[in-house]
Structure formats: C-alpha cells, structure tokens
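Q: below is the sequence, then the predicted model.
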Amino acid sequence: MDKIVVEGGSRLVGSIPVSGAKNAALPIMCAALLPTGASTFKNVPLLQDVATMGKLLRRLGCEVDGKRTLTIAPPTAKKAKLEAPYDLVKTMRASILVLGPLVARFGRARVSLPGGCAIGARPIDQHLKGLAAMGAKVTLDHGYVDVECKRLKGATIVLDMPTVTGCENLMMAAALAKGRTVLENAAREPEVEELALVLNKMGARISGAGTSVITIEGVDELGPIEHAIIPDRIEAGTFAVAAAITRGDVLLEGARPEHLDAVVAKLRGAGVHVSAEADGMRVRGGGELEAVDITTQPHPGFPTDMQAQFMVMACVAKGQSIIREMIFENRYMHVPELGRMGADIHIDGRTAVVRGGKKLSGASVMATDLRASASLVLAGLVAGGKTEVLRVYHLDRGYESIEKKLRGAGAKIKRVKT
Ligand code: EPZ
C-alpha cells in the first residue's frame with residue numbers, strides 16, 4: 001500500500017487542472033447500457049472507481065475501451081449478463097447504478113446489495129421502492145436484490161429524501177418505461193442534472209432535472225452519443241481549501257463556480273478571495289482565516305463531501321467553528337487523526353465543535369474514507385514538519401494524481417511505494 005508524504009509550510013501558487021467529475025462519470029457510464037450502440041465519453045477521470053465500474057460493465061457483457069476517452073458498447077439482449085457480483089459491488093457502492101439501466105433495457109437484474117461503508121449504512125430502500133412503484137418485482141435474498149419487469153410503467157414516486165444515486169437509478173429506469181414518471185423530492189446535484197442531459201442526448205424526454213421535481217416521459221429506444229464529463233466540483237473545492245489554508249493564489253483550471261455556490265459562500269465568509277475566470281476559478285488565501293459554521297445538506301446546500309476538508313480549515317482559522325454533518329451518520333473518522341496532529345475537535349452526535357487557531361504538527365495518520373483522506377493531505381500542507389498519510393488507496397478512488405497536482409502548485413508532497 002502506498003503512502004503520501006507531505007512537508008508542511010509551502011504556499012500554493014500557480015494552477016491546478018481539475019479532472020472530470022467522479023460522481024458524474026459513474027452514473028453516465030451506467031447510462032451507456034441503455035442505448036443500442038456504443039457511446040463515447042471524453043474527460044473521464046483516471047480513478048480507481050472508474051476502473052472498477054469499467055470492470056463491472058465488462059462483467060455485464062459491455063465492451064469498454066480507452067481511459068481518458070472511454071467507449072462503452074452495451075451487449076445485445078442475448079449476450080447481456082444480468083448479475084453484478086459481490087466481489088465488485090463490495091469495493092464500490094456506486095455499482096448499484098447498473099440496476100435501473102439493466103431492468104429498463106433487459107427486463108431483469110441481480111445486484112449484490114452494496115452494504116454499508118465507512119461513512120454509514122447507505123441503504124438503497126428508495127431505489128427499490130421506486131422500481132417497485134414502476135411495476136418491478138423486487139426480491140431480496142442471500143445478499144442480493146433481484147429485480148424483474150418485462151416493461152416498467154411510469155409512476156409518481158415521492159422520495160423520502162433527495163437521494164442522489166436513487167434519483168439517477170430511477171431516472172435511467174424511467175427513460176425506457178411506458179408512460180410518465182415523476183420523481184418528487186428529487187436530488188438537485190449538478191451530477192443529476194448532467195445525467196439527465198446525457199439521457200436527453202440519447203433521446204430520452206426528461207425535464208426538471210436540477211429541481212426537486214423531475215418528469216420523465218418514457219420512450220421505446222435510446223441512441224448512442226458522445227459526451228464530455230463535467231469538472232469535479234468536490235475536487236475543485238478540495239483544492240480551493242488547499243489554496244485558502246496555505247494563503248496561496250491558485251487557478252483551478254476548468255472549475256465551474258456555479259456548481260459550488262455554498263462552498264464559495266463559506267470560503268468568502270472565512271475571508272478567502274474567490275473569483276470566476278474564463279478558464280476556471282481563482283482562489284486566493286487572505287490573511288488569517290475567520291471561523292465559519294457549516295451544516296451539510298442536499299444540494300444546493302453545503303455538500304457533505306466537503307465537510308472533512310472544511311474541518312481542516314476550521315482547525316487553523318481563528319475562533320470556534322460548529323460543523324454539523326446531517327447527511328451521513330458516521331462521517332467524522334478524520335477527527336481522531338486530525339487530533340493526533342494537534343487539532344482541538346469535540347464531537348457530540350452529529351455536531352463537531354472545532355477550536356481553531358491551532359498550529360498543527362506533522363504525524364503518521366491513517367486514511368479511512370475518500371474525503372477524510374483528502375482532509376489529512378490538506379492538514380499535512382499546513383502542519384509543522386512531515387505528515388505521512390497511509391492507505392492512500394482510499395484517495396485514489398476519487399482523486400486523480402493528487403500529489404502531482406499539488407506538487408505542480410508548489411507543495412512539497414510525494415507518493416512513496418511501501
Ligand atoms: C452520492 O451518494 C455520492 N456518491 C456521495 O459521494 C455523496 O456524499 C452523496 O451522494 C450525498 O451527496 C455518488 O454520487 C457515487 P444519497 P449516495 O443516496 O447517492 C440516505 C463521495 O465522497 N438514503 O444521496 O449513496 C443515505 O443513507 C461520495 O464522492 C436512504 O436512506 O447518497 C444518506 O443518509 C460519498 N435510502 C442520504 O440518504 C436510500 O435508498 C443521502 O444519500 C438512499 C439514500
């Protein structure tokens with residue numbers, strides 16, 4: 001397992017390229033199961049999760065070629081394999097996103113239940129409730145979910161919460177259903193909007209994506225397309241925090257500020273200068289950072305995927321910050337590791353009280369989940385001395401060459417094979 005070694009104290013200056021969005025690429029790769037014919041996607045991020053999704057699609061009978069530019073040719077009904085096995089699903093929960101497309105296109109799917117992960121139980125009851133409402137027969141046995149339906153029928157589905165992949169699964173299922181489907185209390189994330197745009201390019205008839213009511217008029221067939229993946233707003237937000245805490249001046253190439261309104265508002269509240277430029281977003285650390293309070297919420301609220309990164313900012317800002325994680329029940333695993341670096345953070349249920357103004361000190365720390373790992377790298381950038389982040393395979397799931405990108409802007413950081 002590799003580790004990342006960071007020498008704290010460098011100011012980040014220069015530009016950092018932002019890769020394609022992991023959480024857009026994964027559902028869009030699954031959407032490639034729907035049309036008759038091969039689709040091609042550009043600006044695909046080179047991530048472990050994308051490679052895993054490629055492996056899964058091959059297991060289902062797809063031809064998957066390329067890396068940055070990816071071509072996915074779905075199988076014919078005769079050649080399609082309709083089972084997503086535990087050995088793959090357990091490594092990446094987003095595998096559940098093949099469920100909707102498989103049932104819509106081939107009438108059946110058997111997918112291993114993703115189970116929980118480090119940050120929470122991560123149930124899929126809303127995905128299954130929606131498919132059942134569309135006429136599918138859903139059975140759970142031996143750790144798998146079996147979904148069967150000759151042709152899904154449109155339905156009005158009121159979601160208990162705005163689940164991102166739940167909406168994406170049901171949008172893909174409804175695209176080929178008979179009749180109209182309405183998703184109420186839908187997720188409004190940019191990645192949901194992007195998937196709807198891709199499906200409409202394939203010939204689907206979806207409206208309302210980006211709002212909390214999405215309407216899908218089912219069609220009989222979809223066609224293959226070409227599409228470039230949008231930039232990763234969470235990667236961009238992560239590097240924005242890096243620029244802020246090192247009082248740097250960084251252009252995030254390709255970043256789209258409009259995908260990060262809540263994050264930009266909090267950065268500005270902390271005294272960070274953020275401006276839109278023709279080719280991205282510029283972030284300049286001001287003087288000493290002000291403490292800001294964060295409550296994570298569904299989009300357009302403050303994204304849970306940026307909570308760990310903002311906790312590092314809170315550690316070094318002057319004053320006390322209150323952070324409330326309202327989406328996942330166990331997303332504070334970075335806290336004990338930050339504590340080892342000298343952070344003063346008190347957890348009470350979903351609330352973290354961070355006493356700022358700390359000078360963190362470098363240490364060997366353990367990555368536990370994707371965004372927690374990123375926060376440990378950020379802490380290393382400002383800690384005194386050397387920080388070693390172990391188990392960086394967590395990072396590689398969602399960040400493409402993070403050490404190369406940060407080094408390109410002046411960080412003293414390297415990957416060490418162990
Ligand atoms: C997506 O996960 C993202 N993953 C997550 O990013 C992100 O943190 C999350 O949305 C929230 O924004 C991908 O897009 C691949 P949810 P998802 O369904 O869809 C509960 C990262 O770091 N829920 O919106 O799994 C659930 O337990 C990852 O890139 C149900 O109860 O999240 C959670 O509390 C981490 N039943 C809340 O809803 C369901 O059927 C939101 O979950 C579905 C969800």
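A: Looks like it came in fine.
Q: when you work out contacts or count neighbours from here on, use the C-alpha atoms and nothing else.
A: Fine.
Q: pull up the residues of the protein that are close to the ligand.
A: Within the chain, the positions near the ligand by Cα under 6 Å from any ligand atom are 23, 94, 122-127, 161, 163-166, 304-305, 327-328, 370-371.
Q: next, the residue lying farthest from the centre of the chain: secondary structure please.
A: Note on the chain: the largest C-alpha distance from the chain mean falls to residue 78, namely 33.2 Å (Cα atoms, centre = their mean). When classified by DSSP: H, G, I helix; E, B strand; the rest coil, residue 78 comes out as coil.
Q: quick one: it and the ligand, what's the gap?
A: Relative to the ligand, residue 78 is positioned 29 Å away (Cα to the nearest ligand atom, to the nearest Å).
Q: now residue 72
A: 19 Å.
Q: just the buried members of the residues of the chain next to the ligand?
A: 23, 94, 126-127, 163-166, 304-305, 327, 370-371 (16 or more other Cα atoms under 10 Å).
Q: what average pLDDT does stretch 216-226 get?
A: In this model, stretch 216-226 has a mean pLDDT of 98.
Q: same question but for stretch 371-380, I mixed them up
A: 97.
Q: distance from the chain centre to it, please.
A: Put simply, stretch 371-380 sits 16 Å off its chain's centre (Cα atoms, centre = their mean, to the nearest Å).
Q: helices of the stretch 201-350 of the chain, start to end?
A: Using DSSP state H, counting those that start in this stretch, the helices assigned to the stretch 201-350 of the chain run over residues 233-245, 261-269, 307-316, 334-340.
Q: in a markdown table: those, plus distance to residue 48, mean neighbour count and mean pLDDT.
A: Output for the helices of the stretch 201-350 of the chain, formatted as a markdown table (distance: least, Cα to Cα, whole Å; neighbours: other Cα atoms under 10 Å; pLDDT from 0 to 100):
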| stretch | distance to residue 48 | mean neighbour count | mean pLDDT |
| --- | --- | --- | --- |
| helix 233-245 | 15 | 27 | 98 |
| helix 261-269 | 26 | 18 | 98 |
| helix 307-316 | 21 | 27 | 98 |
| helix 334-340 | 21 | 20 | 97 |
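Q: so residue 196 sits right up against residue 203, yeah?
A: No. Applying Cα atoms under 8 Å as the test, residue 196 and residue 203 come out as separate, 10.5 Å apart.
Q: neighbour count for those two, which is higher?
A: residue 196 (27 against 19; other Cα atoms under 10 Å).
Q: which intervals of the stretch 51-200 of the chain have sub-threshold pLDDT?
A: Residues of the stretch 51-200 of the chain meeting the criterion pLDDT under 70: none.
Q: which parts of it are helices?
A: Under DSSP H, counting those that start in this stretch, the stretch 51-200 of the chain gives helices at 86-89, 99-106, 125-133, 164-175, 190-201.
Q: and those as a markdown table, adding distance to residue 299?
A: Output for the helices of the stretch 51-200 of the chain, formatted as a markdown table (distance: least, Cα to Cα, whole Å):
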| stretch | distance to residue 299 |
| --- | --- |
| helix 86-89 | 26 |
| helix 99-106 | 23 |
| helix 125-133 | 18 |
| helix 164-175 | 10 |
| helix 190-201 | 8 |
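Q: residue 259: which of those is closest?
A: Closest approach to residue 259 among the helices of the stretch 51-200 of the chain (Cα to Cα): helix 190-201, 6.5 Å.
Q: show me where the stretch 251-400 of the chain has its strands.
A: Along the stretch 251-400 of the chain, counting by DSSP state E, counting those that start in this stretch, strands occupy 273-277, 280-284, 294-295, 320-324, 344-348, 351-355, 364-366, 386-390.
Q: can you say which of these is nearest to residue 74?
A: Here strand 280-284 is closest among the strands of the stretch 251-400 of the chain (Cα to Cα), at 34.4 Å.
Q: tell me the mean pLDDT over that closest one?
A: Mean predicted confidence for strand 280-284 is 98.
Q: and the angle from that strand to helix 233-245?
A: 30 degrees (axes from the mean of the first three to the mean of the last three Cα atoms, to 10 degrees).
Q: and strand 280-284, how far from the chain's centre?
A: The answer for strand 280-284 is 21 Å, by Cα atoms, centre = their mean.
Q: and if you look at stretch 40-55?
A: 13 Å.
Q: please spell out which residues along it are buried.
A: 40-50, 52-54.
Q: and stretch 162-179, by the same measure?
A: 162-178.
Q: again with stretch 85-105
A: In stretch 85-105, counting by 16+ other Cα under 10 Å, buried: 85-86, 88-90, 92-105.
Q: just the terminal-to-terminal distance for that stretch.
A: 19 Å (Cα to Cα, to the nearest Å).
Q: name the residues that touch it?
A: 26-27, 30-31, 33-34, 49, 52-53, 56, 82, 84, 108-115, 131, 147-149, 151-152, 165, 168-177 (Cα atoms under 8 Å, 6 or more residues apart in numbering).
Q: same thing but 7 Å
A: With Cα atoms under 7 Å, 6 or more residues apart in numbering as the contact definition, stretch 85-105 has outside contacts at 27, 30-31, 33-34, 49, 53, 56, 82, 108-109, 111-112, 114, 147-149, 151-152, 165, 169-170, 172-173, 176-177.
Q: sorry, back to before: turn the helices of the stretch 201-350 of the chain into a markdown table, columns for distance to residue 360.
A: Below are the helices of the stretch 201-350 of the chain laid out as a markdown table (distance: least, Cα to Cα, whole Å):
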| stretch | distance to residue 360 |
| --- | --- |
| helix 233-245 | 12 |
| helix 261-269 | 20 |
| helix 307-316 | 8 |
| helix 334-340 | 8 |
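Q: which one of these lies nearest to residue 254?
A: helix 233-245 (8.8 Å).
Q: gap between the closest one and the chain center?
A: 15 Å.
Q: still on that earlier bit, any chance of the strands of the stretch 251-400 of the chain in a markdown table, plus mean neighbour count?
A: Shown next, in a markdown table, are those (neighbours: other Cα atoms under 10 Å):
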| stretch | mean neighbour count |
| --- | --- |
| strand 273-277 | 16 |
| strand 280-284 | 22 |
| strand 294-295 | 21 |
| strand 320-324 | 21 |
| strand 344-348 | 16 |
| strand 351-355 | 20 |
| strand 364-366 | 20 |
| strand 386-390 | 23 |
